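In: sequence plus the predicted model coming up.
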Amino acid sequence: MDAQSVFVLTDEERAQLGEVADQLAAALPAEIDHPDWMSRGRDLSATIPSRLAARIRQFRHDPGPDGSILIRNLPVREAELPDTPQALGSVEKTPGHSSSVIALTTLQLGEIIAYRNEKSGALVQNVVPVPGQEAEQNNAGSKRLGMHVENTFHDNRPDFVALFCLRGDHDRVAELQMTSVRQALGLLSDADRKVLSEPRYVTPPPSSFPTQSASEPHALLIGAADDPNVRADFISTEALDEEAARAKDALEEAFAEVVRGIKLEPGDLAIVNNHLVLHGRSHFTPRYDGKDRWLHRTFVQLDHRRSRAVRQGNGNVLD
């Protein structure tokens, strides 16, 4: 990653953030998904180290050419961690130190959200390998996960996706892979850009969203011609005609040219702008021995009013 896209806490800042996380972990009610706990998290997020808060605010304004940031040296109490979960749909319900760290940090970006049809609508989710899911194209797999915008099919996609590493994989080969439209755009022809900017694609939802139908036809490049957003999932987005399919292939090739991989270490928090960056994962081999790769994940939305009609009781979970 570009040096400007990496931010490292000092040990003093790490300790300060750990103390704030302890306060949030002890807050009542002891339920991450409870509105009162999340409200306490908003208050305490204003007390995280000032240098970190300022860098997150800068990233929110402009995520740069990478469209992502890697924050390092966040507190993780590895000796106190339980075994890596192995259940499908694993989430964090009871506040802990690590779940409080990711909540505090990402609440500086915006509102943490979740989807009722995904991991039971939990606000802090686990990304872990699950026995029997190795080849699945989802966060429970361990084979290569294709490049995608999170919830491409959904009208209310997250603005940011955050991944906080508690444990790396045994062999230290697993990579978070990211690729930015700001870096890939110049590799496309004007003709392909034109096609990609037209509503000639659809994206069906995954099986976990049974009530959702395929998206209305949409473009893959949206907005300013010289700095567009991207809406693509190379696992599932489908072209509606041959010319659109060729342009989609050209876009995938351009993204492949500028992909970069990060081997997340405990204490690393990667945040990607979900309008500029596609992300995926390289292959790794889990051992299912309680010490496998373990990430916490949150989704963040900037404009909470945008999704109000599909959030019951003005909560944080989208239908």
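Out: Done, it's in.
In: what helix or strand is the residue nearest the centre of the chain on?
Out: Nearest residue to the geometric centre of the chain (Cα atoms, centre = their mean): Val161, 2.2 Å. Here Val161, judged by DSSP states H and E, is contained in strand 160-167.
In: for that strand, name the packing helices and strands.
Out: Counting contacts by 3 or more Cβ pairs under 8 Å, 6 or more residues apart in numbering; DSSP states H and E, strand 160-167 is packed against helix 97-106, strand 269-273, strand 294-301. (Each C-beta comes from the backbone N, C-alpha and C, glycine too.)
In: okay, now the sheet partners of it, with direction.
Out: Note on strand 160-167: by DSSP bridges, its sheet partners are strand 269-273 (antiparallel), strand 294-301 (antiparallel).
In: so how far is the shortest one from its chain's centroid?
Out: Going back to what we said before, that points to strand 269-273. 6 Å (Cα atoms, centre = their mean, to the nearest Å).
In: mind listing residues that contact it?
Out: Residues outside strand 269-273 that contact it (Cβ atoms under 8 Å, 6 or more residues apart in numbering): 59, 63, 67-72, 74, 101-102, 105-106, 109, 159-165, 176, 178, 262, 264, 279.
In: and the angle for it with helix 97-106?
Out: 40 degrees (axes from the mean of the first three to the mean of the last three Cα atoms, to 10 degrees).
In: possible to save the strands paired with strand 160-167 as JSON lines with distance to Ser5?
Out: Formatted as JSON lines, these follow (distance: least, Cβ to Cβ, whole Å):
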{"stretch": "strand 269-273", "distance to Ser5": "10"}
{"stretch": "strand 294-301", "distance to Ser5": "17"}
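In: surely His170 touches Gly290?
Out: No. Using Cβ atoms under 8 Å, His170 is not in contact with Gly290; the gap is 11.2 Å.
In: mind giving me the PyMOL select for the contacts of strand 269-273, buried ones only?
Out: Here is the PyMOL selection string for the buried members of these, based on 16 or more other Cβ atoms under 10 Å:
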select buried, resi 59+63+67+68+69+70+71+72+74+101+102+105+106+109+159+160+161+162+163+164+165+176+178+262+264+279
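In: hang on, the earlier thing: what residues are bridge-paired with the residue nearest to the centre of the chain?
Out: Under the criterion used (DSSP bridges), Val161 bridges to Val272, Phe299.
In: how much space separates it from Gly96?
Out: Val161 is 21 Å from Gly96, where distance means Cβ to Cβ, to the nearest Å.
In: now do Ile113
Out: As for Ile113, its distance to Gly96 is 20 Å (criterion: Cβ to Cβ).
In: try Phe7
Out: Computed as Cβ to Cβ, the Phe7 to Gly96 distance reads 24 Å.
In: can you check Leu163 too?
Out: In terms of Cβ to Cβ, Leu163 sits 17 Å off from Gly96.
In: equivalent analysis for Glu111, please.
Out: Distance from Glu111 to Gly96, by Cβ to Cβ: 21 Å.
In: now Asp227
Out: 39 Å.
In: between these two, which one's more packed in?
Out: Applying other Cβ atoms under 10 Å to Asp227 and Gly96 shows that Gly96 carries more neighbours, namely 21 against 10.
In: which residues are in contact with that one?
Out: Gly96 neighbours (Cβ under 8 Å, 6+ apart): Ala25.
In: and the gap between it and Asp22?
Out: Using Cβ to Cβ, Gly96 is found at 10 Å from Asp22.
In: tell me which stretches of the stretch 1-150 of the chain form helices.
Out: Applying DSSP state H, counting those that start in this stretch to the stretch 1-150 of the chain gives helices spanning 11-25, 35-45, 50-61, 97-106.
In: show me the contacts for the nearest residue to Arg200 once chain neighbours are set aside.
Out: Spatial nearest neighbour of Arg200, excluding adjacent residues (Cβ to Cβ, 6 or more residues apart in numbering): Ala244 at 3.9 Å. Neighbour list for Ala244: Val195, Glu198, Arg200, Tyr201 [criterion: Cβ under 8 Å, 6+ apart].
In: part of a strand, is Ala244?
Out: No. Assessed with DSSP: H, G, I helix; E, B strand; the rest coil, Ala244 is helix; it does not lie in a strand.
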